[in-house]
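S.K.: Could you look at this predicted model? Sequence included:
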Amino acid sequence: MSESTTPEQIQLTADGQLRHFLTTEGLPKALLTEILDTADSFADMSEQQVKKVPLLRGKTVVNLFFEASTRTLSTFELAAKRLSADVLNLNISTSSTKKGETLKDTLMTMHAMHSDMFVVRHSDSGAAHFIASQVTPDVAVINAGDGRHAHPTQAMLDMLTIRRHKGDFAPLRVAIVGDILHSRVARSQIHALRTLGAGEIRVIAPLTLLPRHIESMGVKVYTDMSSGLRDVDVIMMLRLQKERMESALLPSESEFYKLYGLTNDKLAYAHPEAIVMHPGPINRGVEIESAVADGPRSVILNQVTNGIAVRMAVMSMAVSGQQAQRTQNQENDR
Amino acid sequence: MSESTTPEQIQLTADGQLRHFLTTEGLPKALLTEILDTADSFADMSEQQVKKVPLLRGKTVVNLFFEASTRTLSTFELAAKRLSADVLNLNISTSSTKKGETLKDTLMTMHAMHSDMFVVRHSDSGAAHFIASQVTPDVAVINAGDGRHAHPTQAMLDMLTIRRHKGDFAPLRVAIVGDILHSRVARSQIHALRTLGAGEIRVIAPLTLLPRHIESMGVKVYTDMSSGLRDVDVIMMLRLQKERMESALLPSESEFYKLYGLTNDKLAYAHPEAIVMHPGPINRGVEIESAVADGPRSVILNQVTNGIAVRMAVMSMAVSGQQAQRTQNQENDR
Amino acid sequence: MSESTTPEQIQLTADGQLRHFLTTEGLPKALLTEILDTADSFADMSEQQVKKVPLLRGKTVVNLFFEASTRTLSTFELAAKRLSADVLNLNISTSSTKKGETLKDTLMTMHAMHSDMFVVRHSDSGAAHFIASQVTPDVAVINAGDGRHAHPTQAMLDMLTIRRHKGDFAPLRVAIVGDILHSRVARSQIHALRTLGAGEIRVIAPLTLLPRHIESMGVKVYTDMSSGLRDVDVIMMLRLQKERMESALLPSESEFYKLYGLTNDKLAYAHPEAIVMHPGPINRGVEIESAVADGPRSVILNQVTNGIAVRMAVMSMAVSGQQAQRTQNQENDR
C-alpha cells in the first residue's frame, strides 16, 4: 500500500482528477479553476433554505486532528454534513497516547472501517502526504494543515474570495504580510496565486520572519509596509503564530504592531479598492487594527463563508476522483 | 447588525411570531400556548417508531455552550437531530481561550458559516440577548440558560408538564421551593405561570435565598414549608446551586434539608393530588427525599420527556419565524 | 421496572429473539449463527458505494461510556450512523461527577428522552446487565465491555472473522494466548467458541495470569507456547492490560514477550495456514512481533472491518427484538 511519490504526484489520478488535496503546489491551473468553479456553485447553494446535497450520502468522513483546532474542525464537519456524509471526529492526541497505539495502527484501523475520507491536521510537515501514501486508493485525504508545509483549503478559500471580489487574477497586485517564515498558509497561497496567474505577489515581513531564498518562489520581498503595500489590490494578513515563534525573532508584539500591524494609516498606501483578508482567528491589535478588521475593505467573514464552499468542493471532488481511480484499477486488473 | 431592543422586543417578528427564545418574560399568552400546543404534538410523535420529522432538514444548529452542561446539551442535540437538522457542538470555554478569540469574533465566524440557529448557554445574564442582537435576522437564538437571568425552555417544559397533568392553569396553586435568589429557572417559571394565568404562585425559601422585592413579581412569599405548601397543586423544587452560593447564605446542607427538603412528611401539607417537579439533576437528601423523587406524585421524568418536545417546538418555531422576518425584510427593501 | 434475572435470561424475548446483547454465555447456537449471518450481509454492503441502510432511521442510540475507549466508541458510532440512527455520545465520567448525579438518575434521564438503545462500557462487571434490568423493555442494551466479565461484540467479530476465513468451526483447534485472568474478551470468546462447536479450545498463559478452575469452561490449559500452539488453526492473542495488572503477576514486559509474545519463530509451531488475531490496539513487541502482526497470516484488520458489521447486526437485531417484545406485552395487557 506504500507508494513512493511526491505530494504533487499522489494527489491526482492517472487522468488528472483530484483524489487527495495535500498542497496547492504543482496542481495545474485548470484543476484550481475547477475547484473554484465547484465551490462557487456550493456558495450559491448555502443561500438556499435547504443547504444540503446528497453527494456524499453513505460515505464516511473521519476528521483526524492530531493538532486541536475547533474552528477548522467545525468548517470541515459542517462541509461534510452538508454533503450528507457520516462524520467521525477523532482527537488523536488524547485517544491514542493513552493506549500507546502507533500512528500507522490508528490509520489502518480507521481504513479498515471502510472510511472514504480522512481530513488530517498534524504538527509535522508531510504528515498528510505520508497518510495519503498509506491509504491510496481507498481513502481520499484532505490536508487541513501540516506543520509549516501547507494548508491548501485555506489558500483556495482565499483564492475564491479574491475571485469573487476582483474577478481575473492577471491584473492583481497581492501582498502577503506577517510571519512568512512559520506560515503554511503563506506557502499555499503563493503556489496558488502563481498558478492562477496573479500579476504580482509580494511578501512583507521583518527579515527575521522571512525564509531564506523566498524570492525563488517568484515573489517580491519588502521589509516595510509603506513601499510593500503601495497600490496593491489584495492584502493577505497572516496570523502571528505566537506559540511557534522563538523569542529571539521578534522584539515584542507592540513593536510588531507598530511596524507591520495593518492600521487604517497603513491601509492608505494600498489601492483605494483593495480588499483585506485574514485567515482568523484574529489577534486584534497585533496583526490588525479592529477598525480595519471590521471596516468596509475587510472581507474576512466572506472568507469564512467561502471556506465551507471550498471544503465541500474539494471533499466531493476527491471522493469522486478516488472512486474513479479504483474503478480504473479494477479494469486494469482484468 | 446591532439593534437596541429589550429581550422582550427582539424575540418576536413584526407580526408577532417567535424568532428568538430568550425569556418567558413579556411573551403574550397566545404565544406561550402555541409553544405548548406545538410541543404536545411532538410529545405524541416521540411515542412513534420513527421519532423524526424533516422540519429542519438542511438547517444548521450550533450549540454554543460557554458553560458546560451535558444534560441540557443532550436534550438540545437530540431535539435538533429529531428535527433532521445538522448539529455542531461547540464548547467555547475550551476552544476560543486557547487562541484568544473574542466572543464577537466567534459569533461572527459561526454566523458566516450560514448557521440557522444558535443554542446559547452562558454564565452571564443577558448573554443570549446580546448574541441575538448581533445575529438578527439571520440566526435564531435559543437561550439555554444565562447567568441568573432566564432559562425559558426549562420553564416551558415545566408548563407543559403541568398542563398535561392538571389541564387548566387558572385554578392551580403552585409553590416554587428553594434557592430563589440564584435561580434563573424560578424567574422564568414565575413569568410563564403569571402569563398563563396560574391562580396563585408562591415562593418558599429562607430569607437569605429570597431576592429583595420578589413580591413585585406577583408571588406570595413563605419562609416555612408547613404554611407554604398548604393545599398546593404543584410543587416545583429548585436545584441547590452549591457552586454559586456564598457560604454565608446557608448554615449547611443538612440544615437546609431539615427545613426545606421535600420529604413525604412535608408533602402531606399539599393537596393529595399534588405533583412534584424538579429540573434535575437531583441532589437526593438535599432538596428532596428519594422516596418523594421516585414516588407516585413525582413527575420528574415526565419533565425530561417533555423537555425534548418543548425544545423541538421552540426550535422549529424560531427558525420559521426568523425566516418569515427575512422574507418580510426583503419585500420591504423592494 | 426491575427484573430479577440472569444476564442469560434477560437478553432474549419470550420467543427467543435478541433484545439485549450482554454476554455470549448461554445464547443458543442458532442465535449466534443468526448474528453471524446478519453481519455477513452488512459486511458485503460495506463494500458498496453507499454504506447506509435505513433500519434504525428515527431511532436514538446513546453511547454511555463510563470507561473511555475512542476506538470502540468509533466502531459503535459508525455502525449506528450506517444504520441511519441518531447518535448521542456521553462520556459519563466527566459529565455526571461534576454535578453528583447518580448512575440510576442518569439512566432514567436518558430513558425518559425516549432513547431506543444504550451502548454501555463500564469498568464494573455486571454494569450492562444492571442497566438492562432498569430499562427493559423500552431500551435495548449492548454491552461494549464490562469489567472482567464480557465483551460480546468483540467475541462475535472474532467468530465472524474465523468463519469467513475457515468456514466450519467443528474441525478447528483454537488457542487463546495471554492475560486470560483479566480478560473479558477471553471469557466471551470461550463461550462463543464452545456454543459454535469449535473442535478444541486452548488457553496459553503463565500460571499467574490464569483464573482458577479455568478448565471447567471446557478449555485445555497450556503454560508454554511450543506445546500450546502445536497444530492450531486459529491464534487469538489478548492485549496485555498493563493498567489492570498488579506488579506481582508478571516479572516484566520483556520477560513476557520472550515467553508468550507471538514471533514468527513461535508461529511456526502452528498449522501452516493458521490465522493470527488480536483485538487491538496492539502492543508491538509485547504481545506480538510486528512481522507477525503485519504478516501474511494476520487477519487483525479484517477483525476491524468485521467489527462494524457485527455491531450493525446486533444493534438492528436488538432494537427489533425489543420492539417485538413491547408489542407482545401490549397484546398481553389487553
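M.R.: Yep, that arrived. All figures in this text were calculated on a predicted structure; none of them were measured in a lab.

S.K.: got any ranges where chain A has weak pLDDT?
M.R.: A:1-4, A:94-101, A:243-248 (pLDDT under 70).

S.K.: Can you classify A:Gln323 as helix, strand or coil?
M.R.: Put simply, A:Gln323 is helix when judged by DSSP: H, G, I helix; E, B strand; the rest coil.

S.K.: which SS state does the closest residue to it other than its chain neighbours fall under?
M.R.: Once flanking residues are discounted, A:Gln323 sits nearest to C:Gln49: 7.3 Å by C-beta to C-beta, 6 or more residues apart in numbering or on different chains. C-beta here means a position set from N, CA and C on the backbone, and glycine is covered the same way. For C:Gln49, the assignment made with three-state DSSP gives coil.

S.K.: Next, the contact list for A:Leu55, please.
M.R.: Shown in contact with A:Leu55 (C-beta atoms under 8 Å, 6 or more residues apart in numbering or on different chains): A:83-84, A:316, A:319.

S.K.: and if you look at A:His149?
M.R.: Taking C-beta under 8 Å, 6+ apart, one finds A:23, A:125-126, A:184, A:187 in contact with A:His149.

S.K.: can you do 6 Å?
M.R.: Each residue near A:His149 by C-beta atoms under 6 Å, 6 or more residues apart in numbering or on different chains is listed here: A:125, A:184.

S.K.: how near is it to chain C?
M.R.: Separation of A:His149 from chain C (C-beta to the nearest C-beta, to the nearest Å): 26 Å.

S.K.: Could you check how far that residue is from A:Met312?
M.R.: Distance, A:His149 to A:Met312, by C-beta to C-beta, to the nearest Å: 23 Å.

S.K.: Which parts of chain A are strands?
M.R.: With strands called from DSSP state E, chain A shows them at A:60-65, A:86-91, A:117-122, A:140-146, A:173-177, A:200-204, A:220-222, A:234-237, A:275-277.

S.K.: closest one to C:Val62 among these?
M.R.: C:Val62 sits nearest to strand A:86-91 of all these, at 16.6 Å, using C-beta to C-beta.

S.K.: ok, and what's touching that closest one?
M.R.: A:60-65, A:77, A:80, C:74, C:81.

S.K.: Stretch A:269-287 too?
M.R.: With C-beta under 6 Å, 6+ apart, stretch A:269-287 has contacts from A:154, A:165, A:178, A:185, A:226, A:229-237, A:239-240, A:253, A:257, A:261, A:290, A:292-293, A:297-300, B:99, B:101.

S.K.: Next step: those restricted to helices.
M.R.: A:154, A:165, A:185, A:226, A:253, A:257, A:290, A:292-293, A:300, B:99 (DSSP state H).

S.K.: ok, back up a step: give me the number of residues near the residue nearest to A:Gln323?
M.R.: By other C-beta atoms under 10 Å in any protein chain shown, the residues close to C:Gln49 number 10.

S.K.: same thing with A:Arg187?
M.R.: A:Arg187 has 24 neighbours, counted by other C-beta under 10 Å.

S.K.: quick one: contacts for the residue nearest to it when sequence neighbours are not counted?
M.R.: Among residues not flanking A:Arg187 along the chain, A:Ala150 sits closest, at 6.0 Å (C-beta to C-beta, 6+ apart). Neighbouring residues of A:Ala150 by C-beta under 6 Å, 6+ apart: A:23, A:143, A:184, A:188.

S.K.: Show the contacting residues for the residue nearest to the third one when sequence neighbours are not counted.
M.R.: Leaving aside its sequence neighbours, A:Arg184 sits nearest to A:His151 (C-beta to C-beta, 6+ apart; 4.5 Å). Under the criterion of C-beta under 6 Å, 6+ apart, the contact list for A:His151 reads A:145, A:184-185, A:188.

S.K.: The nearest residue to A:Asp179 once chain neighbours are set aside and A:Val174: what is the separation?
M.R.: Leaving out its chain neighbours, the residue that sits closest to A:Asp179 by C-beta to C-beta, 6+ apart is A:Leu209, at 4.8 Å. Look at A:Leu209 and A:Val174: by C-beta to C-beta, they are 18 Å apart.

S.K.: More neighbours: which of these two?
M.R.: A:Val174 (26 against 23).

S.K.: wait, the more buried one sits on A:Gly199?
M.R.: No: counting by C-beta atoms under 6 Å, A:Val174 does not reach A:Gly199; the two are 8.1 Å apart.

S.K.: how close does the closest residue to chain B within the stretch 51-200 of chain A get to chain C?
M.R.: Nearest residue of the stretch 51-200 of chain A to chain B (C-beta to the nearest C-beta) works out as A:Thr70 at 3.5 Å. Noted for A:Thr70: a distance of 17 Å to chain C, by C-beta to the nearest C-beta.

S.K.: What count of nearby residues applies to that residue?
M.R.: Applying other C-beta under 10 Å, we find 20 other residues in the vicinity of A:Thr70.

S.K.: Then the one 3 residues further on?
M.R.: Counted with other C-beta under 10 Å, residues neighbouring A:Leu73 total 20.

S.K.: and it, what does it touch?
M.R.: Counted by C-beta under 6 Å, 6+ apart, A:Leu73 has contacts A:63, A:65.

S.K.: 8 Å - rerun?
M.R.: Applying C-beta under 8 Å, 6+ apart, the residues near A:Leu73 are A:63, A:65, A:89, A:121, A:144.

S.K.: and what of A:Arg239?
M.R.: Per C-beta under 8 Å, 6+ apart, neighbours of A:Arg239: A:178-179, A:183, A:185, A:278-283, A:287.

S.K.: Now tabulate those residues in CSV and tack on distance to A:Thr305 and neighbour count.
M.R.: Below are the contacts of A:Arg239 laid out as CSV (distance: C-beta to C-beta, whole Å; neighbours: other C-beta atoms under 10 Å in any protein chain shown):
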residue, distance to A:Thr305, neighbour count
A:Gly178, 23, 28
A:Asp179, 25, 25
A:Ser183, 22, 25
A:Val185, 18, 25
A:His278, 14, 24
A:Pro279, 14, 24
A:Gly280, 12, 23
A:Pro281, 16, 20
A:Ile282, 16, 23
A:Asn283, 21, 22
A:Glu287, 21, 23
